[in-house]
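**Student:** okay, predicted coordinates and the sequence, questions at the end:
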Amino acid sequence: MADDTEQSIDEIHDDARFVKQKRNFDIKRVIVKIGSSLLTNNGRGLDRTAIYEWAKQIAKLHNQGMEVLLVSSGAVAEGVVRMNLEERPKKLQALQACASIGQMGLIETWWSALIQHGVHSAQLLLTHDDLSNRRRYLNTTGALTQLLDWHVLPVINENDTITIDEIKFGDNDTLGAMAAAMVHADLYIILTDQEGVFTDNPRNNPDAKMIRQERAMADYLFDIAGDGGKLGRGGMLTKIRAGRLAAMGGCPTVIVSGAIDDVITRVVDGEAVGTLLTTNDTDKIIARKQWLAAHLRMAGTLIIDAGAARAVIEHNKSLLPVGVVEVRGDFDEGDVVEMVHQDTGERLAVGQVNFSAPEARRVARERTEQFDRILGGSEERVVMVHRDNLALSI
Ligand SMILES: Nc1ncnc2c1ncn2[C@@H]1O[C@H](COP(=O)(O)OP(=O)(O)O)[C@@H](O)[C@H]1O
Ligand SMILES: N[C@@H](CCC(=O)OP(=O)(O)O)C(=O)O
């Protein structure tokens, strides 16, 4: 798609270039996310027929040797139906209870549907914290990798009963994108109740047109994405955000209707159904910097001198240990830390640090040549924070 500033939104739809064109995917690992509105047949309980149909397609890919991970919503919506409630409760405890009631049905249904095709599945209940805290992230990756090595299909959902934020905002779109980045998926498929992303919410605007393909980083997508239906939570907005997050890991996203026949296998086969959100190397870095900039909790602080501040801010350089005068906090390698100016106390940037806090203290103010001696080994790490993993705050 051309630069989005050059085209009006009405022109960006059903682009003939993309309608028939086959997409060129090479997919070994794919994440499929299925939303509440689809899974629960718009509030009439779990749609077992549809689940068995998706399970058949997923099993086909799995049995061909592809690694498929499933992110399944629907626990709260199913709990609401099982408890005969008229609507999604507002009280937190009631929501949590619905999630734990509905999750039973969800996992039982997926297990039965998949095992019919000889596919073993496993339940993974995650919180966003599990994926943004480095240590828990590595633990989760370890468990996921083991499941994939055993060719067991992970069925992921949010751990709604122990979280507060997730259940309030309900955002499996984001969880799926984080999982996609974590396992380096080749494609993220979001199944929903619309054919794809439209130029406006098609629920309210019958003239809205579908967008066939766009860069995940195209800013105007945020202007056209609206809320969800009464059972789904995030609407199109969280799907667009999720597409950006997946782009950060270099993973394209397809947002498509789960009601299309054989939709999963057709998408994987490269058929141009739904909306494809693309990414490239530059977008990957931009998305990564945005993700860093949006980080609220810093694991620690690096106090840097004026020379390092100039290198980072004015010359877009990586931060070297020699420019770090003090290390505060207790962080692991890979955590997100802030960089603060020694003289002004101002936060200049945030970034992912290449050393743990004890290591960072030892190499601070030191030149690269000294690292082997200081850390006792042949040290490959040279920079404290690489410029691709660093986002300026000012
Ligand atoms: N620009 C848009 N294009 C398509 N759908 C949109 C758009 N803006 C808002 N939506 C709404 O997003 C809904 C899908 O999100 P949601 O209800 O959260 O479903 P899910 O349960 O699949 O996550 C659609 O039914 C639609 O009403
Ligand atoms: N974890 C919640 C799902 C929240 C969520 O993201 O819902 P949806 O937007 O419908 O995919 C549940 O299982 O009910």
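**Tutor:** Received, thanks. Ligands and ions are numbered 1, 2, ... in the order given.

**Student:** in what helix or strand does residue 371 lie?
**Tutor:** helix 371-375 (DSSP states H and E).

**Student:** helices and strands of this structure: which one bottoms out on pLDDT?
**Tutor:** The weakest-scoring helix or strand in the chain, judged by mean pLDDT, DSSP states H and E, is helix 165-169 (a mean of 58).

**Student:** next secondary structure element downstream of that one?
**Tutor:** Sequence-wise, the next helix or strand downstream of helix 165-169 (DSSP H and E) is helix 172-182.

**Student:** mind checking how far residue 96 is from ligand 2?
**Tutor:** Going from residue 96 to ligand 2 by C-beta to the nearest ligand atom, to the nearest Å gives 11 Å. Backbone N, C-alpha and C define where each C-beta goes, glycine included.

**Student:** pretty sure that residue contacts residue 160?
**Tutor:** Yes - with contact defined as C-beta atoms under 8 Å, residue 96 counts as touching residue 160 (6.1 Å).

**Student:** look at the two and report which has more neighbours.
**Tutor:** Neighbour count, other C-beta atoms under 10 Å: between residue 96 and residue 160, residue 160 has more, with 25 against 19.

**Student:** what pLDDT does that one get?
**Tutor:** Residue 160 carries a pLDDT score of 87 in this model.

**Student:** I'd say it and residue 75 touch.
**Tutor:** Yes - in this structure, residue 160 is within contact of residue 75 by C-beta under 8 Å, at 6.2 Å.

**Student:** shared neighbours, these two?
**Tutor:** Common neighbours of residue 160 and residue 75, counting by C-beta atoms under 8 Å, 6 or more residues apart in numbering, are 99-100, 103.

**Student:** now render the residues you listed as JSON lines, adding pLDDT and neighbour count.
**Tutor:** Below are the shared contacts of residue 160 and residue 75 laid out as JSON lines (pLDDT from 0 to 100; neighbours: other C-beta atoms under 10 Å):
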{"residue": "99", "pLDDT": "92", "neighbour count": "28"}
{"residue": "100", "pLDDT": "94", "neighbour count": "16"}
{"residue": "103", "pLDDT": "95", "neighbour count": "23"}
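
**Student:** which one of these is nearest to ligand 2?
**Tutor:** Lowest distance from ligand 2 to the shared contacts of residue 160 and residue 75 (C-beta to the nearest ligand atom) belongs to residue 99, with 5.8 Å.

**Student:** which residue sits closest to that closest one, ignoring its sequence neighbours?
**Tutor:** The shortest distance from residue 99 to any non-neighbouring residue, by C-beta to C-beta, 6 or more residues apart in numbering, is to residue 160 (3.4 Å).

**Student:** cool, and residue 339?
**Tutor:** If the residues on either side of it in the chain are set aside, residue 339 comes closest to residue 349, at 4.6 Å by C-beta to C-beta, 6+ apart.

**Student:** all helices for the stretch 51-200 of the chain, in order.
**Tutor:** Here the stretch 51-200 of the chain has its helices, by DSSP state H, counting those that start in this stretch, at 75-82, 92-115, 128-132, 134-149, 165-169, 172-182.

**Student:** quick one: the second one to helix 75-82, angle?
**Tutor:** In this case it means helix 92-115. 100 degrees (axes from the mean of the first three to the mean of the last three C-alpha atoms, to 10 degrees).

**Student:** which strands or helices does helix 92-115 pack on?
**Tutor:** Secondary-structure packing of helix 92-115 (3 or more C-beta pairs under 8 Å, 6 or more residues apart in numbering; DSSP states H and E): helix 48-63, strand 67-72, helix 75-82, strand 121-126, strand 153-158, helix 165-169.
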